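Enquirer: Task: produce atomic coordinates for the following.
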Amino acid sequence: MVLVEHSGRHRCSGKWARRNDRFLDLVYMRFEESGQWPRVDDLQRDLLRLRDDLDVFACAEQLPSALGGMSDDNRVFLTVSGLAYLDAARDFLNDFLAVIQLAVGRYRDGERGTTPRLCENDLLGQLSLGDRRANRVMKVLGAGCPLFTENELDHSFAITSDIRHFVSVRSVRDYVTILNRLERRRQRKAFRTRGGIRAWLARRQIAIWEWIVITVVAGLILAACISGIASLASSLNHQPHAIPANRANPNGATPNR
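Expert: Got it, this is the predicted structure:
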């Protein structure tokens, strides 16, 4: 399953995911088996018993925030963007897309002055997911999906206004593409509130690395121009001055032809 990556940050996340797909698979399979995100300690011990040298701690610490993270109790979790790299998560992601469409309808048709919400009973009743599938979707929403805000008292989720951007989503590719676009927009907005070169670049949608390349190339071109001018001036200074053919000699005689 391939994602559409746009920004430099997400391109880096994609490379990391492809290099560490075994780690991502391991985390998801444990999540699928138990319905809980696995503890890093438990994963590492299990691998050591199997004489597997995969360093789970290192992978968990390096896991890009776009793909997942670590909870306070040392459980490693994956976001939808992280799960989208796993063929094993295909069925789960179909359930997630159904929840997104349910949330879109709930936001669109909700009463004015109220905050639309989702709870596990909505997934059980309206989507007929079953306890196991509904529980796993709720766990992923609680892992930091930016379209929902969890109420820790009743574990329901408030639907944020960003859900309006996902009305036409029909695939995980669509979802991740829009999510990345919203993130870039938030980054540009944050940069605009700051001064300096970063804000100027953000307003013009120029990445830092692009600015560095432009600056280096401009410097090289300027250095080449200066070097060329210096070489030309040096050659002119050393060139002997020719005596015009029609100039009279000092004695007033006309040169012999």
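Enquirer: As a check, name the ranges of all helices in the stretch 1-150 of the chain.
Expert: Across the stretch 1-150 of the chain, reading from the start of the chain, the helices by DSSP state H, counting those that start in this stretch fall at 8-19, 21-34, 40-49, 56-62, 80-83, 90-109, 120-125, 131-142.
Enquirer: If you could redo that for the stretch 151-257 of the chain, that was the one I meant.
Expert: Counting by DSSP H, counting those that start in this stretch, the segments of the stretch 151-257 of the chain that form helices are 172-192, 197-203, 208-238.
Enquirer: picking up where we left off before, indicate which one of the helices of the stretch 1-150 of the chain is closest to residue 154.
Expert: For the helices of the stretch 1-150 of the chain, proximity to residue 154 was assessed by CB to CB; helix 120-125 is nearest, at 9.8 Å. Just so you know, the C-beta spots here come from the backbone N, C-alpha and C atoms, and that holds for glycine as well.
Enquirer: still on that earlier bit, I'd like the helices of the stretch 151-257 of the chain written out as TSV, with mean neighbour count, distance to residue 113 and mean pLDDT added.
Expert: Converted to TSV, the helices of the stretch 151-257 of the chain look like this (neighbours: other CB atoms under 10 Å; distance: least, CB to CB, whole Å; pLDDT from 0 to 100):
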stretch	mean neighbour count	distance to residue 113	mean pLDDT
helix 172-192	16	25	83
helix 197-203	14	35	56
helix 208-238	10	43	79
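Enquirer: and residue 74, which of these is closest to it?
Expert: Distances from residue 74 to each of those were compared by CB to CB, and the smallest falls on helix 172-192, at 26.5 Å.
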